[in-house]
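Asks: Sequence and predicted structure are below.
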Amino acid sequence: MKRYIPYLKGILLIGFIVFLYSFSSKRHERKKIELGEIKFENGDNMFLTYPMVNKLLIQNPGGLNSQPKEELFLNKLEKNLFSNQMVENADVFLSVDRKLGAIIKQKTPIARVNQGEYSYYIDDKGKPMPLSSNYSARVPIVEGVKNENITAELYALVSFIDKDEFLKKQIVGIVQKEGNRFDLKTRIGNLVVTLGTIDKLAYKTSKLKVFFQKAIKDNTLKNYSKINLVYSNQVVCTKK
């Protein structure tokens, strides 16, 4: 009989471990889910506020606190976040202590389109993006667009400006004209720059940079109202 005692102890120990695990699991399942930390990529939450995100996360039938882990559809909650047009990417997760968290990446506006009383952003993927009541992005204002028709040429132009440090600071307005031709408006001097098409865009804007450097150095920028970059090997200026 004595030789069976170690086996009995082993069986009892295993049973006790199973009981503790089952008890712990049941207790864990009954523990209420709480809203945890919300993180914005790059620390940037200009367009979305934390209360706005929390509201999207709790849009779950029965509420968060009534949902055990296995019944909590994280994909459903991510879809709730994606329903906001400011969200580019979202990752919702549940921590071991049953706190619901999210990592959110907001869309990045690179231009603002004004169509009469209707305005919206163009994001860095070339898609329309609504304005926000929380923050107004400092981006070039585009005029001349019709019916939200963001052409490939317009997207290429605003993307080029957004990636160029000089142009991003100096170009405050873009006017889209017939035949996908464009005029630009500058911050310093309030000049109208005739760009034409986006063909040879890098070359044309390099001429603009050279002109600005010389005009600022000579203090003559105030003498001009228009700059034409259409012609090769020259910048044609119109005096005031």
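Replies: Nice, I can see it. Since the structure is predicted, the reported quantities are computational estimates derived from the model, not experimental observations.
Asks: Contacts only, for Phe82.
Replies: Residues in contact with Phe82 (CB atoms under 8 Å, 6 or more residues apart in numbering) are Ala90. Placement of C-beta: from N, CA and C, glycine included.
Asks: quick one: it and Lys107, what's the gap?
Replies: Phe82 is 11 Å from Lys107, where distance means CB to CB, to the nearest Å.
Asks: Quick check: neighbours of the helix or strand hosting Thr194 in the sheet, parallel or antiparallel?
Replies: Element membership for Thr194 (DSSP states H and E) is strand 192-196. Here strand 192-196 is paired, per DSSP bridges, with strand 181-186 (antiparallel), strand 224-228 (parallel).
Asks: which outside residues touch the last one?
Replies: Contacts of strand 224-228 from elsewhere in the structure, counted by CB under 8 Å, 6+ apart, are 189, 191-194, 208, 211, 215, 235-240.
Asks: re the thing from before, dump the strands paired with strand 192-196 to TSV, plus distance to Phe166 and mean neighbour count.
Replies: Below are these laid out as TSV (distance: least, CB to CB, whole Å; neighbours: other CB atoms under 10 Å):
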stretch	distance to Phe166	mean neighbour count
strand 181-186	11	20
strand 224-228	14	17
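Asks: Where does Leu208 sit: helix, strand or coil?
Replies: Under DSSP: H, G, I helix; E, B strand; the rest coil, Leu208 falls in the helix class.
Asks: got it, and Ser132?
Replies: At Ser132 the chain is in coil, as set by three-state DSSP.
Asks: Return the residue spatially closest to it, with its sequence-adjacent residues excluded.
Replies: In space, and not counting its chain neighbours, Ser132 is closest to Phe47: 4.2 Å by CB to CB, 6 or more residues apart in numbering.
Asks: burial count for the one you found?
Replies: 25 (other CB atoms under 10 Å).
Asks: Strands of the protein, start to end?
Replies: With DSSP state E as the criterion, the chain has strands at 34-40, 87-94, 99-106, 109-115, 118-123, 128-129, 141-143, 171-177, 181-186, 192-196, 224-228, 236-239.
Asks: Quick check: Tyr121 touching Val113?
Replies: Yes: Tyr121 lies in contact with Val113 (CB atoms under 8 Å); the separation is 7.4 Å.
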